[in-house]
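1. Predicted model and sequence below, questions to follow.
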Amino acid sequence: MAQLIDGKAVAARVRAEVKSEVARLQAERGLIPGLAVVRVGDDPASQVYVAGKKKAAEEVGFRSWEHHRDSSISQDELLALVHRLNEDPAVHGILVQLPLPRHLDADAILSSVRPEKDVDGFHPLNAGSLLLGRPATRACTPLGVMRLLEEVGCEPAGKNAVVVGRSNIVGKPMALMLLQRNATVTLCHSKSDLPAEVSRADILVVAVGVRELIKGAWVKPGAVVIDVGMNRKEDGKLVGDVEFTAAAERASFITPVPGGVGPMTIAMLIRNTLEAAMRGVTPPSH
Ligand code: NDP
């Protein structure tokens, strides 16, 4: 029977580490990290996520601001808001909550955030630097997964790591981070032979968004299973992309949903914001 990976506990430790760093920064340099969150429209899930991020930011001693705009906001108005936050020296991290309404060009908005303030790691410069193996702000969810692997003593080097899902925000950066740690990486998607690929995985990370897509019987005995998926059941409960009970019978470690990867995403956002503040922001060049 697999051991549970307690993401909630690890995330609490990460936030506690950040909190003590914030106290030190404030005492030594009079610096308080600032996180600005931009939310457009009234998507209920976004509202919950943003409230969670703001609460976590305040708990560690950051300044935080939520800029909520009506869904009728124009591209130019939203770009102007991001520009203002880019120029504001009290703001070290900017997060634009996705999804944005369809009339807005999300790629252009994400690219307008100054890379030094892009605490989500979604700016093309940060995403590209990860690909090239250069220092960069890394996407929070895969970064959180890497921390969970570390916590359970799972060394990726030489292991077969299989990532299911190839989104720009989870799957692709996840595969790159595992590759950088010398795993042999397979990146799967909707056209892959999942039973065959999954059964070879020493490390399995699933980020699809299809309830219980990955059958427990496919899991390699002893594998470390990380379930990023968050799917809402009819009764309102959250479930992952992996058939949990059956997978737990074969895996060595497994994340629960909820309480696995979810809390880590917010903790890593907080960590990325602290690091942005510590690096300092050079004045914009005009
Ligand atoms: P996307 O919808 O952007 O990507 C889904 C990926 O899954 C695509 O690459 C798609 O393949 C692949 N896929 C879809 N159906 C199948 C299938 N039947 N077999 C194999 N692959 C399939 O999702 P995200 O990456 O944004 O999110 C994935 C999940 O993770 C969601 O449940 C989301 O809620 C959750 N999530 C959780 C976070 C957390 O903090 N815990 C943070 C971010 C996301 P193709 O490219 O071929 O279409």
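-> Structure received. Numbers count the residues shown, from 1 in each chain.

2. Shouldn't Val205 be within a strand?
-> Yes: the assignment for Val205 is a strand, going by DSSP: H, G, I helix; E, B strand; the rest coil.

3. What is the burial count for it?
-> Per other CB atoms under 10 Å, the neighbour tally for Val205 reads 32. For glycine as for every other residue, the C-beta is placed from the backbone atoms N, C-alpha and C.

4. quick thing: my sequence starts at 29, can you match it?
-> Sure, I'll start numbering at 29, so the last one becomes Val233.

5. hang on, it packs against Met174?
-> No: proximity of Val233 to Met174 does not meet the contact threshold set by CB atoms under 8 Å, at 9.9 Å.

6. Spell out which residues are contacts of both of those two.
-> Listed as contacting both Val233 and Met174 by CB atoms under 8 Å, 6 or more residues apart in numbering are Leu206.

7. Name the residues of this protein found near the ligand, please.
-> With CB under 6 Å from any ligand atom as the criterion, the chain comes near the ligand at residues 169, 192-195, 197-199, 216-220, 222, 235-238, 241, 256-259, 289-290, 293.

8. Among those residues, which are located in strands?
-> 192, 216, 259 (DSSP state E).

9. Spit out the contact partners of the second one.
-> To tie it back to what came earlier, the one meant is Cys216. By CB under 8 Å, 6+ apart, the residues touching Cys216 are 190-194, 222, 225-226.

10. Most neighbours among those, which one?
-> Tallying neighbours with other CB under 10 Å puts Val191 at the head of the contacts of Cys216, with 32 neighbours.

11. Let's see the pLDDT reported for that one.
-> Predicted confidence (pLDDT) for Val191: 99.

12. Okay, and the beta partners of it?
-> Note on Val191: beta-bridge partners Leu215, Val233, judged by DSSP bridges.

13. any idea how far it lies from Val65?
-> Plainly put, Val191 is 28 Å away from Val65 if you go by CB to CB, to the nearest Å.

14. cool, Val50 as well?
-> Taking CB to CB, one finds Val50 at 18 Å from Val65.

15. And Glu105, by the same measure?
-> In terms of CB to CB, Glu105 sits 17 Å off from Val65.

16. Repeat that for Leu232.
-> Distance, Leu232 to Val65, by CB to CB: 32 Å.

17. can you check Gln54 too?
-> 21 Å.

18. In contact with the most centrally placed residue in the chain, which residues?
-> With distances taken as CA atoms, centre = their mean, the residue of the chain nearest its centroid is Thr169 (2.2 Å). Contacts for Thr169 (CB under 8 Å, 6+ apart) come out as 197-198, 202, 235, 256, 289, 292-293, 296.

19. got the residues you listed as TSV, with pLDDT and neighbour count columns?
-> Below are these laid out as TSV (pLDDT from 0 to 100; neighbours: other CB atoms under 10 Å):
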residue	pLDDT	neighbour count
Ile197	96	19
Val198	98	25
Met202	98	28
Ala235	98	25
Val256	98	30
Val289	98	28
Met292	98	29
Thr293	97	24
Met296	98	25
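
20. Which one of those residues is nearest to Ala37?
-> Among the contacts of Thr169, Met292 lies closest to Ala37 (CB to CB), at 10.6 Å.

21. can you give me the helices for the chain?
-> Taking DSSP state H, the helices of the chain run over residues 35-57, 72-87, 103-115, 134-140, 152-160, 168-179, 199-208, 222-226, 272-276, 289-307.
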